[in-house]
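Asker: here are the coordinates; sequence isn't available:
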């Protein structure tokens, strides 16, 4: 699968993308928002293993600027019956350029056209203002909030979003 937008090239994630995934994982670990997500590995063997798992799912996508080799991000979906749960992680070097909106919009259109998908969900921390704002700009609506904990010790307020296409 390949999608081109005005500025981006999007394709299925490949197992060989592991080095670029590691670069994104290491960068994300430094982010103030990393506390609101499951930890990502940074050891080569674990990154290779996880990248292979993601690539095998066929629902993980690599995002690049047109005619450039550096991966900006990955965008992924998890299918749950008739809905697709969205996830993404952009390298901080590419924040605030509209790339997240552009790539996720293109992938939602693709899933709607190819798979007839009409329901999309996403979850994020309420304190992750950039992510909440992006989801709202994409047309997602906050449908619920909940206390979330990934480690059983630390918790935060999460928001569940939904986008329904007609």
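Answerer: Received it, and whenever you're ready, just let me know what you need. Being a predicted model, the structure only gives us computed values, none of them experimental.
Asker: For the most centrally placed residue in the chain, list the residues it contacts.
Answerer: Nearest to the geometric centre of the chain sits residue 88, at 1.1 Å (C-alpha atoms, centre = their mean). Residues near residue 88 by C-beta atoms under 8 Å, 6 or more residues apart in numbering: 73, 74, 75, 76, 100, 103, 104. No exception for glycine: its C-beta is placed from N, CA and C like everyone else's.
Asker: cool, and residue 165?
Answerer: Applying C-beta under 8 Å, 6+ apart, we find residue 165 in contact with 108, 112, 117, 118, 119, 120.
Asker: and if we set it to 6 Å?
Answerer: 112, 118 (C-beta atoms under 6 Å, 6 or more residues apart in numbering).
Asker: And it, how close does it get to residue 158?
Answerer: Per C-beta to C-beta, to the nearest Å, residue 165 is found 24 Å from residue 158.
Asker: got it, and residue 28?
Answerer: 18 Å.
Asker: next structured bit after the helix or strand harbouring residue 28?
Answerer: Taking DSSP states H and E as the definition, one finds residue 28 inside helix 18-29. Counting by DSSP H and E, the next helix or strand C-terminal to helix 18-29 is helix 44-57.
Asker: what sits up against that following helix?
Answerer: Residues outside helix 44-57 that contact it (C-beta under 6 Å, 6+ apart) are 13, 14, 15, 17, 18, 21, 22, 41, 60.
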